[in-house]
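Novice: what's the 3D shape of this:
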Amino acid sequence: MRVLWWPGWYRGKTVFVFPARAHSGGDGRCALSQFPVFAQAFDEAAAMLEGHMRLPLRDVMWVAPPSWSINRVCSSRQFSPSRSLAALLQHWGVVPDVVLGHSAGEITAAYWPA
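Specialist: Take a look at the predicted model:
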């Protein structure tokens, strides 16, 4: 997820943008141990994905995926930390007026509670 700031653009509104394939390999690793809200949201996302992956999410989250599972693993690895970061920001009082997503980020944006 990216935080956008542009003076004068969309003044007074908060926008969450979930990009395509933003996972950088370490996304969320430290937050899992430091922020219980993040960890809870991550675990909920992992539970939702459990039946759709060959391996548990935590087993593939921070390793390079094999070529046969690149799309399934990368999309899952993107959804979980993005959803968890958004939940943490909401816990801190940062609530979006608009939620957008691109490509795999659309899954997270569509999941966002209304």
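Novice: so in this structure, where's the weakest helix or strand by average pLDDT?
Specialist: strand 2-3 (a mean of 52; mean pLDDT, DSSP states H and E).
Novice: tell me the helix or strand right after it.
Specialist: Using DSSP states H and E, the helix or strand that follows strand 2-3 in sequence is strand 15-18.
Novice: please name every helix or strand in contact with the very next helix or strand once past that next one.
Specialist: Sequence order places helix 29-34 as the next helix or strand after strand 15-18, per DSSP H and E. Applying 3 or more CB pairs under 8 Å, 6 or more residues apart in numbering; DSSP states H and E, one finds that helix 29-34 makes contact with helix 36-49, helix 70-91. Where C-beta positions appear, they are placed from N, C-alpha and C, glycine not excepted.
Novice: now with 7 Å, please.
Specialist: Contacts defined by 3 or more CB pairs under 7 Å, 6 or more residues apart in numbering; DSSP states H and E place helix 29-34 against helix 36-49.
Novice: buried residues of the helix it packs on, list them for me.
Specialist: By neighbour count on 16 or more other CB atoms under 10 Å, the buried set for helix 36-49 is F38, A39, A41, F42, A45, A46, L49.
Novice: return the distance of that helix from the chain's centre.
Specialist: Its chain's C-alpha centre and that of helix 36-49 lie 10 Å apart, by CA atoms, centre = their mean, to the nearest Å.
Novice: contacts for the following helix or strand past it, please.
Specialist: Per DSSP H and E, the first helix or strand lying C-terminal to helix 36-49 is helix 57-60. With contacts defined as CB atoms under 7 Å, 6 or more residues apart in numbering, helix 57-60 is touched by A46, L49, V73, S76, S80.
Novice: give me the pLDDT for G12.
Specialist: We have a pLDDT of 72 for G12.
Novice: for it, grab the count of nearby residues.
Specialist: If you count neighbours by other CB atoms under 10 Å, G12 ends up with 5.
Novice: count the neighbours of V95 for me.
Specialist: Burial measure for V95: 10 neighbouring residues, criterion other CB under 10 Å.
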